[in-house]
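A.B. asks: Need the 3D shape of this:
(chains A and B, ligands or ions: 3)
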Amino acid sequence: MSLQDELKAQIVKRLPELDVVIGWGQGYDSLHRTPLFITSEADVDKLVFDPLCVHNLSTYLTRYGSAKRIGVVVKGCDSRSVVELLQEKLIHRDKVMVFGLPCEGVADLGKVKRALAAKDLDMGRVRAASFADGDLVVTVSGQEIRLPMAEVQADKCGRCRYHNAVIHDEFAGQPITEAAPDTYADVAAFEEQTLEERMEFWREQMERCVRCYACRNACPLCVCRDYCIGQSREPNWVSQRDGLEEKFFFQMIHATHLAGRCTECGECERACPVDIPLLLLKRKLGKEILELFDYRAGTDPDAKPPLLNFKVQEDTINERGW
Amino acid sequence: MDALFLADDKLSAWLGELAAARRVLVPVREREAVVFRPYAAGVTPVLDRQANVPPKASVFPASEALMSFRYTKNPENLGQVAVEVHETIDAPPTVVFGGRPCDARGFLVFDRVYDTPKIQDTAYKKRRENTLFVTLACDDPQNTCFCNSIGSSPYDATGSDVLLTPVSGGYLVECASERGKELVESKLLSDGNALREEAKTVHASALSALGPAWNPSPAKAKLIEKFEDMGFWEDVSAKCISCGACTYLCPTCYCFNVTDERTGMKGERIRTWDTCMSYLFTLEASGHNPRPTKAHRLKNRVGHKFSYYPEIHGGPIACCGCGRCISLCPVSVDIREIVRLSIERPTAKPENK
Ligand code: SF4
Ligand code: SF4
Ligand code: SF4
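C.D. replies: Ligands and ions are numbered 1, 2, ... in the order given. Next comes the predicted model:
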C-alpha cells in the first residue's frame, strides 16, 4: 500500500471520532496543493501527499473552538508546531488527532519560480507537474523541464533533523532514519556582513512589505491574530503609516514574540506575497535560543519553553557571577 | 490614429524621455517579487510577467496624509485651543509603464466610487488626473488569469492611455485615449502600421490561451440568495487564514481606513488601505462585530465584487480578472471557484426557528 493510501485508510478509520480532518488536496493548478477539510469519506478521495504539500496545517488548530475534535495531517516539521502548541496549552491533546508522516522534503515554489525564470519561463504558466527519479518535471510554455528536487527543495529540508512526525496518533509509511545537523551556517554567513550592510539588506527587503500580515496569519504560533498589537487601534502601538520603521517594527515584534517558540517551519516566508526572506530573522533568534538555552522548540511535549519559564539561575547565562 | 513601433533597443531611451518630465513607475524584480518602482537610468523593467503588486499605489497609496493639523493653546486662556488644518495632496505627474490591461482597468472600479457627480474624493481625483497608463498587452496569460470571463481581454485598452503589444523586434504602440497622444510624440517611435496584423495574431493567441470563458453574472442574484447560507460560506472559507494579501494586492479593492496620528500638538490625518478580510474591519466601538468570522468576511469580499457592486453601479463587476488573489494567497483560495460554486450549488434554506 502506498503511503498516501495508508494515510487515507487511517483517516477513514478515525473520521467517525472527529469533526474534521485537515489534509492537502489538489489546488488551482498542477504545482499547487491546497488545504483540504475532510468531513466525509468521499472527501478522503481528494487527499494528496507529495512534495508540493507545503502548508503547515497546524496553523488551523487554534482557529476552532475547544468543542471540536480536529484531525491534522503533519510532516515532521509541522508536527513540531503541534508539540509547541501543546506545550503552551494553546490546544488540548484530547481534542487533536495527529496523522503523522515521514517526509523527505518539500519543494520551495520560490525556488521553482527562480529556476524557471532563469530559463525565461514563468511558473504561473506551468501546465503539468509530476515527480520522476528525484526530479520535479514540469511542462511550461510547450517545454518539458526537469528540475532536480535537490535544487528546488526548501532550505529547511536540507537541514532537517525531524523528518518523521515527532508526535502522532497514527503514522503512515516507514520512518526515515537520516537526520541532518543544523549548524545555522546561513545565519553565520549573513552575519559576516557589516552592520550597515545588513541594515541595508533589510531596508531593501522591507521596503516592499505591504503589511498584509500573511506572515503572521500563516504562522501556527502567532496566535494573537485578531488582537495583534501591530494593528490594535487602542492603544495604537504601531503607526498606520507604511514607512520602513513600521514594517520593520512589526517584524521585530513578530520575531521576538516567537523567540523560543518558533519551530522554523518557514510558513511566514512562504506566505509572504512579495518574497521577503523572513525566516532569516526567525533563524537568528532560533540560533540564539539554542546557544543560550540548548533548546529546540516543539520537540518535547513536556518541556517548558525557556522564555515561558523562570529559573533563578539559568544554566548558561552568567547572571550573578560577576 | 496610426500605429507606431518601438524597437526593443529604444525602450530605455523612451523611458528616459518619459521620465524627464514625470515620475515613471516600472515593474522591477526584487528577489522573486515584481513591484513597481520609479524608473531611473539603469533600471531594467520586468515586462515578461505580471507584477506581484499591481500599480494601485500610483493613484491610491497604501498610506497617505490627507491633511496636517496643529493645535495652539491661547496663552491667556489655556482652555481655549485653536486648530489649524492644511490639506495635503501629493499628486506628482506620473506614468505607469508596463502594467497589464487588468491593472489599468482596476481604476475604473475606483472611479465609480471616488469620482461621481455626488462624491468627489479630491486626493484620489487629483492623482487620477495626473496619472497615465502605458499598458502592455499580455501575450501569454497565467493559470490564474480570467479577464476573459469578466468581459475583458488580454489586450483590452479600456482605462489605459497607450497600449503596447509585443511583436517581433519590439512593440506595436497604439494610443488608447486622447491623453495618450502626448506620450507617443517621440522621435524614437516609427511607423508601425505594417505590424498591426502581427499584433492581432498576438492578441488572438493570448485570448485563446485563456481557455473558454465562464459567465459570472448569475452570481449577482445567487450571492444574495446565499447570504444566509452560512454553511456554504464556512465551507468555502475553511482554508482562509484571514490575512490581507488578496485585498491589498487587488487592483480593484478600494477600502480605506482613516487615523489621526498625533504627536504633541501636531499631527496628520492619514488614510491607509484597509482589508475586509480582517476582523478589525467591521469591529465597532461597542465591541460588537457584525462580521465576526472569516466566513462572514469572505462572503463580503466575494459578494461585494460579484453582486453588491454591480447592483449599485449598474452592472460592472468589481474584479478585473488579474488572478492575484488566487496566485498570491498563501493557501490558494480561488475566487473563481467560489463564484462558480455560488451559482452551481443549491442554496440551503435557513431552518425555521
Ligand atoms: S515565525 Fe515563521 S518559521 Fe517560526 S513558527 Fe512562525 S511561521 Fe514558522
Ligand atoms: S507577509 Fe510579507 S508583505 Fe505581508 S506583512 Fe508579512 S512581510 Fe509584509
Ligand atoms: S483569501 Fe487568502 S489572501 Fe485572502 S485573507 Fe484569506 S488567506 Fe489571506
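
A.B. asks: contacts and neighbour counts: CA atoms only from here.
C.D. replies: OK.

A.B. asks: buried residues in whichever strand or helix holds residue A:112?
C.D. replies: Using DSSP states H and E, residue A:112 sits within helix A:109-118. When burial is assessed from 16 or more other CA atoms under 10 Å in any protein chain shown, helix A:109-118 yields the following buried residues: A:109-116.

A.B. asks: Tell me the spacing between residue A:198 and ligand 2.
C.D. replies: For residue A:198, the distance to ligand 2 equals 17 Å [CA to the nearest ligand atom, to the nearest Å].

A.B. asks: let me redo that: residue B:286
C.D. replies: In this view, residue B:286 and ligand 2 are 28 Å apart by CA to the nearest ligand atom.

A.B. asks: How about residue A:101?
C.D. replies: 28 Å.

A.B. asks: For residue B:32, give me the pLDDT.
C.D. replies: In this model, residue B:32 is scored at 90, pLDDT.

A.B. asks: And for it, the neighbour number?
C.D. replies: 16 (other CA atoms under 10 Å in any protein chain shown).

A.B. asks: Repeat that for the one 3 residues further on.
C.D. replies: Residue neighbour count, defined by other CA under 10 Å, stands at 21 for residue B:35.

A.B. asks: For it, give the beta-bridge partners.
C.D. replies: Listed by DSSP bridges, the beta-bridge partners for residue B:35 are residue B:28.

A.B. asks: In this structure it contacts residue B:46, no?
C.D. replies: No: assessed by CA atoms under 8 Å, residue B:35 is found out of contact with residue B:46, at 9.2 Å.

A.B. asks: got any residues that touch both of these two?
C.D. replies: Residues touching both residue B:35 and residue B:46 (CA atoms under 8 Å, 6 or more residues apart in numbering or on different chains) are B:26-29.

A.B. asks: Drop anything exposed from these.
C.D. replies: For the shared contacts of residue B:35 and residue B:46, buried by 16+ other CA under 10 Å: B:26-29.

A.B. asks: So of those, which two are at opposite extremes in space?
C.D. replies: The span of these, defined through CA to CA, is set by B:26 and B:29 at 10.0 Å.

A.B. asks: joint contacts of the two?
C.D. replies: Common neighbours of residue B:26 and residue B:29 (criterion: CA under 8 Å, 6+ apart): B:35, B:45-46.

A.B. asks: Could you look up the SS state of residue A:173?
C.D. replies: When classified by DSSP: H, G, I helix; E, B strand; the rest coil, residue A:173 comes out as coil.

A.B. asks: How about the contacts made by it?
C.D. replies: Counting by CA under 8 Å, 6+ apart, residue A:173 makes contact with A:2-3, A:6, A:101-102.

A.B. asks: What about those, which are in helices?
C.D. replies: Judged by DSSP state H, the subset of the contacts of residue A:173 located in helices is A:3, A:6.

A.B. asks: out of the contacts of residue A:173, who has the most neighbours?
C.D. replies: Neighbour max across those (other CA under 10 Å) = residue A:101, 29 neighbours.

A.B. asks: quick one: pLDDT of it?
C.D. replies: 98.

A.B. asks: ok, and the closest non-adjacent residue to residue A:259?
C.D. replies: residue A:285 (5.7 Å; CA to CA, 6 or more residues apart in numbering or on different chains).

A.B. asks: thinking the one you found is in contact with residue A:252, fair?
C.D. replies: No: using CA under 8 Å as the test, residue A:285 is too far from residue A:252 to be in contact (10.6 Å).

A.B. asks: So which of those two has more stuff around it?
C.D. replies: A direct count of neighbours by other CA under 10 Å for residue A:285 and residue A:252 places residue A:285 higher, at 21 against 14.

A.B. asks: Tell me where the stretch 151-300 of chain A has helices.
C.D. replies: A:155-158, A:185-190, A:195-207, A:214-218, A:244-257, A:267-271, A:279-293 (DSSP state H, counting those that start in this stretch).

A.B. asks: Please work out which of these is packed deepest.
C.D. replies: Of the helices of the stretch 151-300 of chain A, the one with the most neighbours on average (mean count of other CA atoms under 10 Å in any protein chain shown) is helix A:214-218, at a mean of 26.

A.B. asks: what's the domain layout of chain A?
C.D. replies: Following automatic domain parsing, one gets these domains for chain A: A:1-105+A:160-181, A:107-153, A:183-322.

A.B. asks: now check the shortest one, is it near ligand 2?
C.D. replies: Going back to what we said before, that points to domain A:107-153. No: applying CA under 6 Å from any ligand atom, one finds domain A:107-153 separated from ligand 2 by no less than 13.6 Å.

A.B. asks: which intervals of chain B have sub-threshold pLDDT?
C.D. replies: Applying pLDDT under 70 to chain B flags residues B:1, B:350-353.

A.B. asks: CSV for the contacts of residue A:173, including distance to residue B:302?
C.D. replies: Output for the contacts of residue A:173, formatted as CSV (distance: CA to CA, whole Å):
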residue, distance to residue B:302
A:2, 39
A:3, 37
A:6, 37
A:101, 36
A:102, 38
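
A.B. asks: Could I get the buried residue list for the strand or helix carrying residue A:145?
C.D. replies: Using DSSP H and E, residue A:145 sits within strand A:143-148. Buried residues in strand A:143-148, counted by 16+ other CA under 10 Å: A:145-147.

A.B. asks: got a list of what residue A:268 touches?
C.D. replies: A:214-216, A:218-219, A:278-279.

A.B. asks: can we see that at 10 Å?
C.D. replies: Counting by CA atoms under 10 Å, 6 or more residues apart in numbering or on different chains, residue A:268 makes contact with A:213-220, A:222, A:254, A:275-279, A:282, B:330.

A.B. asks: Same check on residue A:186?
C.D. replies: By CA under 10 Å, 6+ apart, residue A:186 lies in contact with A:155, A:280, A:283-284.

A.B. asks: same deal with residue A:83?
C.D. replies: Residue A:83 sits next to A:58, A:89, A:91, A:93, A:165-168, A:263, A:297-303 when contact means CA under 10 Å, 6+ apart.

A.B. asks: So which of the residues you listed reach ligand 3?
C.D. replies: Counting by CA under 6 Å from any ligand atom, no member of the contacts of residue A:83 reaches ligand 3.

A.B. asks: Closest residue of the stretch 101-250 of chain B to chain A?
C.D. replies: Nearest residue of the stretch 101-250 of chain B to chain A, counting by CA to the nearest CA: residue B:244, 4.3 Å away.
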